[in-house]
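J.: for reference, the sequence and a predicted model appear below.
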Amino acid sequence: MMRPEAEARRVSVRGVVQGVGFRPFVWRLAERHGLTGWVRNADGVVEIHLEGSPGSLDAFVTELGDAPPPLAVVEDVSWRPEDVHGFPGFDVDVSVEGAAGDRLVPPDAATCDACLRELLDPDDRRYRYPFINCTDCGPRFTIIEALPYDRARTSMRNFPMCEACRQEYEDPGDRRFHAEPIACPVCGPRIELRDASGGGVEGDVVELVGSMLRGGAIVAIKGLGGFHLACDATDSGAVRLLRERKRRPNKPFAVMVADLAAAREWFEPTTEEAAALSSWRAPIVLVADRGRLAPGIAPGHRRCGAMLPATPLHHLLLRAVSAPLVMTSGNASDEPICIGNDEALDRLAGIADAFVLHDRAIVARYDDPVVWVRPDDQRPSVMRRARSFAPSSIDLACPVRVPTLGMGAELHGAFCLATGGRAFLSQHIGDLDTEEAMAAYRSALDRYREILRVEPELVAHDLHPDFASTRSRGWPCSIITRTSPRRWPRAGWRARCWGSRSTDWDSATTERSGAASSCGVRRGARRVSAGCGPCASPAATARRDTRGGWRWRSPRRPA
Ligand SMILES: [Zn+2]
Ligand SMILES: [Zn+2]
């Protein structure tokens, strides 16, 4: 029975609040404050009905936005008075979510501390299990096939839950409540080792690969958004061999180390760089090199790309090798990164001495993100928007009137889908000068349109007639024929901004208009200068916002 002074409120929470453990967080918060009612996912929002004392209700609403789960982004909390129904307890409504609406899809997250502790605990049932995850970590966009986000619409649908996993999945008090990729050694995906010719190798995969890497081998390893090629970063011979086989003579390699202590042993990260390294996004961060790695890692560069493990498998391998590992994209030269087992065995043959495969399909192709800390204000800035950043949206200063697609440039290709006040920038896809790259571009674009349910009515592309992103045969023809959108050729940087990278890190609303130009020279809004013809563009439309970030003002609408 509710006390006579009880009030009721209907709270609505908007932002990245679905698929990130938000409902169990609400359940725990309600239990702590002695509130009754329910929580449920609705279109793009989480709705909560609360009953209790006015003081507890106020405290609940305050805490809701102050300390959300790590992967959640609370953009707005609103409430209105409701009638008191006298609910006996607090329930989590697990009904299927509605239409996509403006639902924001969570990106993938690196292994959280709680899962890492279980991974390394011999008494835990997921000890050394390479696919351990929870609502705070693990794969998201790379396994989602469709929305609403639940297991049946991910590449985890081929792995029926065992009884122990199901109990965790259905318990609102468990940190794996509705963790869609939940898995264990009994019911979940498995890794396997293949030799250079694709033949199976029996034994403990992690230990075998560890000894191979220590012996100077190059190993292809299936990760979250694609394959990596790995070798011992202290072994000059292995690094040289990898450069020869990958036909990559000079471009720097990223190096993965076991943890922050190891990062400080091999590099000299500043406080801000260390914070970026250990964030849930686990990006590659450019840091000062101590000069202790093989000289071929980043020839001619004073800084090196360092990263911490992004998956449980990475944690296990780093511990097995006890050395930093080169972790470079699993591709040959400038081709797109491999994501399928057969594709990797085929395309990386002749490069890798062994393959670590697994049976969970990668749905979305993602490279690792690259971040640097700007020396002027010590703020992290994104150089390559990829895994764990895309498909997070960016708030536009001026909403678009019609769903709009920006095709981007030719080098460092990416696209942008905008609808209403949100822009969804794709992940970095790479230079679009090969058929494989354009196929990856089209596949990513189709996927964004389908998942986000945005059908562009206006397509902005560069005036450059030879850009693959402009040429008709490179266009996603399905869009043209299905919706016949207007084409909007734009000179220079405007069209490119409509398909450029965002450099925001900690805010979904801060965008700097840095774009990859057609001549391949990166230009931020503060440094737009002479370049190839159409790239020499005015910076006036971008302005510094009050928080020290950059906000891009939407260009004028076409007539
Ligand atoms: Zn976790
Ligand atoms: Zn299980």
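T.: That came through fine. Residues are numbered from 1 along each chain as shown. Ligands and ions are numbered 1, 2, ... in the order given.
J.: going forward, measure contacts and count neighbours with C-alpha atoms only.
T.: Noted.
J.: am I right that Ala164 is in a helix?
T.: Yes. Looking at Ala164 with DSSP: H, G, I helix; E, B strand; the rest coil, it is inside a helix.
J.: so what does the longest helix anywhere in the chain touch, helix or strand wise?
T.: Counting residues, the longest helix in the chain under DSSP state H turns out to be helix 435-452. For helix 435-452, there is no helix or strand it packs on, judged by 3 or more Cα pairs under 8 Å, 6 or more residues apart in numbering; DSSP states H and E.
J.: list the buried residues in stretch 399-410.
T.: Residues of stretch 399-410 classed as buried by neighbour count (16 or more other Cα atoms under 10 Å): 400, 403-410.
J.: can you read off the pLDDT for the residue positioned nearest the centre of the chain?
T.: Nearest to the mean C-alpha position of the chain, by Cα atoms, centre = their mean, lies Ser388 at 1.9 Å. Confidence at Ser388, expressed as pLDDT, is 90.
J.: tell me how far it lies from Pro283.
T.: Separation of Ser388 from Pro283 (Cα to Cα, to the nearest Å): 8 Å.
J.: again, but for Gly408
T.: Computed as Cα to Cα, the Gly408 to Pro283 distance reads 23 Å.
J.: close to ligand 1, is stretch 170-187?
T.: No. Figure legend: stretch 170-187 not in contact with ligand 1 (Cα under 5 Å from the ion); closest approach 8.2 Å.
J.: contacts (any at all) between ligand 2 and that stretch?
T.: Yes. Stretch 170-187 is in contact with ligand 2 by Cα under 5 Å from the ion, via 183-184, 187.
J.: give me the contact list for that stretch.
T.: Contact with stretch 170-187 is made by 19-21, 24, 27-28, 92, 125-126, 129, 131-135, 138-140, 150-151, 156, 159-162, 165, 168-169, 188-189, as judged by Cα atoms under 8 Å, 6 or more residues apart in numbering.
J.: buried among those? Need that as a selection in PyMOL.
T.: The following PyMOL line selects those of the contacts of stretch 170-187 that are buried, judged by 16+ other Cα under 10 Å:
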select buried, resi 19+20+21+24+27+28+92+126+129+131+132+133+134+135+138+139+140+150+151+156+159+161+165+168+169+188+189
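J.: sort out for me which of the contacts of stretch 170-187 are in helices.
T.: Using DSSP H, those in helices are 24, 27-28, 165, 168-169.
J.: out of those, flag the one nearest to ligand 2.
T.: Set against ligand 2, the nearest of these by Cα to the ion is Cys165 (4.3 Å).
J.: what's the distance between that closest one and Thr135?
T.: Taking Cα to Cα, one finds Cys165 at 13 Å from Thr135.
J.: again with Gly65
T.: Distance, Gly65 to Thr135, using Cα to Cα: 18 Å.
J.: ok, Ile143 next?
T.: According to Cα to Cα, Ile143 stands 14 Å off from Thr135.
J.: same question for Gly200.
T.: Applying Cα to Cα, the value for Gly200 to Thr135 is 33 Å.
J.: ok, back up a step: quick one: which of the residues of stretch 170-187 next to ligand 2 has the most company?
T.: In terms of neighbours by other Cα atoms under 10 Å, the residues of stretch 170-187 next to ligand 2 top out with Ala183 at 27 neighbours.
J.: for stretch 37-47, give the mean pLDDT please.
T.: Mean predicted lDDT for stretch 37-47 stands at 83.
J.: what residues sit buried inside that stretch?
T.: Neighbour-count burial for stretch 37-47 flags 37-47 (criterion: 16+ other Cα under 10 Å).
J.: make a markdown table from the residues you listed and add secondary structure to it.
T.: Output for the buried residues of stretch 37-47, formatted as a markdown table (three-state DSSP):
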| residue | secondary structure |
| --- | --- |
| Gly37 | strand |
| Trp38 | strand |
| Val39 | strand |
| Arg40 | strand |
| Asn41 | strand |
| Ala42 | strand |
| Asp43 | coil |
| Gly44 | coil |
| Val45 | strand |
| Val46 | strand |
| Glu47 | strand |
